[in-house]
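Peer 1: Here is my input, please return the structure:
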Amino acid sequence: MDDNSGSVQPIIIKKKAGHGGHHGGAWKVAYADFVTAMMALFIVLWLMNASPDVKKSVSIYFTDPSGLGKLSGSASAGSGDAVSVSKDDMSQLQEKIQQAMKKSPDFEKLKDHVRMTVTGEGLRIELLESEKGMFFQSGSGTPSALGAEILKDLAKELGKLPNSLLIEGHTDSKPYGGEREYSNWELSADRANSARRVMDDNGLRPAQVTQIRGYADQNLRNRQDPEDPANRRVTITIRYTAKAPTDDEEPAKPGEHGKPAEQSKPGEHGKPAEPANSPAAKH
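Peer 2: Below you'll find the model as predicted:
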């Protein structure tokens with residue numbers, strides 16, 4: 001009997017590879033390219049028929065995709081339809097505020113104590129004190145009834161703007177007759193901060209006030225008369241924003257609207273003056 005008669009030989013079957021493996025997924029790539037091209041076509045057709053505001057918003061987005069820019073529109077971090085007030089618009093804003101103040105029953109009393117000036121930082125509104133006090137109680141950071149009313153009216157108008165605000169407090173050079181630890185520095189800062197609180201509660205947007213400054217008597221309005229009551233004042237500056245480009249304008253280049261204005265020299269309005277020879281006054 002053969003020893004190998006009971007062994008079983010394995011049967012091996014070989015399969016040939018099909019032709020589908022060479023191009024089985026190629027149609028998916030071609031289809032994806034086709035869908036992308038169609039979507040791009042529809043976007044172009046939509047933009048061609050979009051309103052100027054939509055076109056401007058899309059243009060701003062591609063200029064500033066992060067949405068941190070100062071231009072108005074959907075790329076302005078939520079400013080929506082708000083109209084930013086640029087340097088070119090400040091004169092119109094000044095006229096608008098003046099017209100609103102003329103409606104006040106106390107306009108005759110106020111007209112000589114409110115000054116508006118377009119400066120390097122923006123539109124500055126000055127509330128000038130009188131000898132007996134006009135906007136603040138004498139020697140105090142507490143607003144008078146008239147002062148609080150004016151601040152409320154300003155807040156209602158300024159709260160509609162996307163512009164940030166700067167509030168400064170100033171005093172004259174008369175010595176302060178109150179407690180020893182309290183000086184012109186505290187008084188000027190307290191008046192600026194009191195103005196901010198009143199305005200924050202009556203129409204300003206959250207965090208619209210970005211700076212509070214107290215100058216004491218270091219930036220006198222009337223340097224020839226350091227004790228002039230007009231040196232006691234609170235100023236509210238509506239700061240510039242960038243102007244949104246129109247359809248036939250290019251976005252502002254570095255150094256234009258998007259850059260801060262040049263800083264004024266020491267001693268000019270808005271910057272602390274050189275320290276006076278006499279000690280800081282207290283009023």
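
Peer 1: from here on, contacts and neighbour counts on C-alpha atoms
Peer 2: Fine.

Peer 1: what about the strands in the stretch 151-283 of the chain?
Peer 2: For the stretch 151-283 of the chain, strands defined by DSSP state E, counting those that start in this stretch occupy the ranges 165-170, 209-214, 233-239.

Peer 1: To M116, which of those strands lies closest?
Peer 2: Among the strands of the stretch 151-283 of the chain, the nearest to M116 by Cα to Cα is strand 233-239 (9.4 Å).

Peer 1: Tell me what angle the closest one forms with strand 209-214.
Peer 2: Angle of strand 233-239 versus strand 209-214, following axes from the mean of the first three to the mean of the last three Cα atoms, to 10 degrees, is 150 degrees.

Peer 1: other SSEs contacting strand 233-239?
Peer 2: strand 122-128, strand 165-170 (3 or more Cα pairs under 8 Å, 6 or more residues apart in numbering; DSSP states H and E).

Peer 1: And the contacts of it?
Peer 2: Contacts to strand 233-239, defined as Cα atoms under 8 Å, 6 or more residues apart in numbering, come from residues 121-129, 163-171, 191-192.

Peer 1: Just the buried ones out of those residues, please.
Peer 2: 121-129, 163-171, 191-192 (16 or more other Cα atoms under 10 Å).

Peer 1: can you list the weak-confidence ranges in the stretch 51-200 of the chain?
Peer 2: Residues of the stretch 51-200 of the chain that meet the criterion pLDDT under 70 lie in 53, 56-57, 60-88, 178-179.

Peer 1: In it, what residue spans correspond to helices?
Peer 2: Under the criterion DSSP state H, counting those that start in this stretch, the stretch 51-200 of the chain contains helices at 52-63, 90-102, 107-110, 145-158, 184-200.

Peer 1: Reformat the helices and strands packed on strand 233-239 as a markdown table; add distance to Y215.
Peer 2: Formatted as a markdown table, the helices and strands packed on strand 233-239 follow (distance: least, Cα to Cα, whole Å):
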| stretch | distance to Y215 |
| --- | --- |
| strand 122-128 | 14 |
| strand 165-170 | 5 |
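
Peer 1: Out of the helices of the stretch 51-200 of the chain, the one nearest Y176 is which?
Peer 2: It's helix 184-200; of the helices of the stretch 51-200 of the chain, that one is closest to Y176 (Cα to Cα) at 6.9 Å.

Peer 1: for that closest one, which positions count as buried?
Peer 2: Using 16+ other Cα under 10 Å as the test for burial, helix 184-200 gives 184-196, 198-200.
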